[in-house]
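Novice: Provide a 3D model corresponding to the input given below.
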Amino acid sequence: MKNLLKALVVVLLFSKCCFADYSLLASVTLDEATKQIIEGTYNKVLGAQTEIIDGKTVYIIKVLTPDGHIRYYKIDAETGQLVS
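Specialist: Got it, this is the predicted structure:
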């Protein structure tokens with residue numbers, strides 16, 4: 001029983017430190033970044049996700065443009081600015 005309890009504690013501690021909470025690193029939410037991309041356009045959002053690129057939290061937003069092309073936008077989660 002003690003070994004099972006120790007194993008459970010290790011698993012809980014390990015899982016807590018290995019899954020990043022991206023919201024702690026961001027000043028702009030993924031929802032806000034997505035709205036920024038489609039605001040004033042006729043783009044349709046196909047997907048959005050959060051990634052770490054060069055140590056920075058970046059939102060990748062995939063959109064379908066009015067002319068049928070797929071574009072990807074990268075938004076810096078800290079500043080809300082487009083990343084080139």
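Novice: contacts, neighbours, all on C-alpha from now
Specialist: Noted.
Novice: which residues of this protein fall in helices?
Specialist: Counting by DSSP state H, the chain has helices at residues 2-18, 30-38.
Novice: ranking the ones you listed by mean pLDDT, which is last?
Specialist: Averaged per stretch, pLDDT over those is lowest on helix 2-18, reaching a mean of 42.
Novice: who does residue 48 bridge with?
Specialist: When bridges are taken as DSSP bridges, the partners of residue 48 come out as residue 61.
Novice: Double-check it against residue 58; I have them as touching.
Specialist: No. The criterion here is Cα atoms under 8 Å, and residue 48 misses it with residue 58 at 10.5 Å.
Novice: Between those two, which is the more surrounded one?
Specialist: Each of residue 48 and residue 58 had its neighbours counted (other Cα atoms under 10 Å), and the higher figure belongs to residue 58 (28 against 17).
Novice: Near the closest residue to that one other than its chain neighbours, how many other residues are there?
Specialist: With sequence-adjacent residues excluded and distances taken as Cα to Cα, 6 or more residues apart in numbering, residue 58 is closest to residue 76, at 4.7 Å. Counted with other Cα under 10 Å, residues neighbouring residue 76 total 23.
Novice: what do you get for the one 4 residues further on?
Specialist: Here the count is done by other Cα under 10 Å, and residue 80 has 19 residues near it.
Novice: Tell me the confidence at it?
Specialist: At residue 80, the pLDDT value in this model is 90.
Novice: so how far is residue 67 from it?
Specialist: Residue 80 sits 26 Å away from residue 67, going by Cα to Cα, to the nearest Å.
Novice: now do residue 60
Specialist: In this structure, residue 60 and residue 67 are 20 Å apart, going by Cα to Cα.
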